[in-house]
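> Need a 3D model of the following:
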Amino acid sequence: MVVEANIFNFIKYLEKQEGYVTSDSLSRLFHLSPKTVLNRIDQYNELLKSYDIYISKLPRKGIKLELNNEENINTFFEDNYVYFMTPDQRRDYIIMKLLMSSCPISNDEFQDELFVSYSTLQNDLVYVRDLLKKNNLYLSNIRKKGYEIKGEEKNIRQYFSQFVSKKTEIMSFFSIDSEIRIKKDLFYIIN
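Modelled structure (predicted):
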């Protein structure tokens, strides 16, 4: 089952509540109908059962997150973190990965890392292409190899510097080694 971003917000909200929450209040909060909220809970419970987490629904009482062990929820979030990327975070990830890579990155590699369909990736790449164009760069698709960012070296470095300074939260998606390399590159660019 593919994990959607909404489950992350849904569980985090329920985790902070002391008691039961009505489906009406959840429907207003998440902009869903009360019936959709109840249907989603069934879907979420199917996914959560392997983590020993359950969202209970009691008539005339409401909805509540049932946890036997607080660590289980942390494990769930860690195991499924990449699934919780918003479209903007996915696009930022794509840009950062392209900026950091010395060789082209294939559709398959992006799809495997981001757990998205081909069409979702293509939509994200259209957005990335438009954003790069505004910065005098372009997204090159090298046949049977993948994508890479092309443009004048100074434009690539300048964009890299601006991008990293604006998008520091994207660092959490990369390893410590990558983060150190990014910081060194950024220091070199600035100085």
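> Would you map the strands across this structure?
Here the chain has its strands, by DSSP state E, at 53-58, 62-67, 138-142, 146-150.
> how far out from the middle of the chain is the last one?
Averaging C-alpha positions (CA atoms, centre = their mean, to the nearest Å) puts strand 146-150 21 Å from its chain's average.
> now the third one
Centroid separation between strand 138-142 and its chain, computed with CA atoms, centre = their mean, is 23 Å.
> Each with direction, which strands does it pair with?
As defined by DSSP bridges, the strand partners of strand 138-142 come to strand 146-150 (antiparallel).
> ok, now the first one?
Applying DSSP bridges to the sheet, strand 53-58 is found paired with strand 62-67 (antiparallel).
> Mind listing what's buried along the strand it pairs with?
Under the neighbour-count criterion of 16 or more other CB atoms under 10 Å, strand 62-67 has 62-65, 67 buried. C-betas here are computed from N, CA, C, even on glycine.
> which residues touch the nearest residue to Ile142 once chain neighbours are set aside?
Once flanking residues are discounted, Ile142 sits nearest to Pro104: 4.9 Å by CB to CB, 6 or more residues apart in numbering. Residues counted as contacts of Pro104 (CB atoms under 8 Å, 6 or more residues apart in numbering) are 140, 142, 145-148.
> Take the buried residues of strand 62-67 and lay them out in CSV including distance to Lys12 and pLDDT.
Converted to CSV, these look like this (distance: CB to CB, whole Å; pLDDT from 0 to 100):
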residue, distance to Lys12, pLDDT
Gly62, 17, 94
Ile63, 14, 95
Lys64, 14, 96
Leu65, 10, 94
Leu67, 13, 87
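> Nearest to Leu99 among the residues you listed?
Taking CB to CB as the measure, Leu99 lies nearest Leu65 of those, at 38.8 Å.
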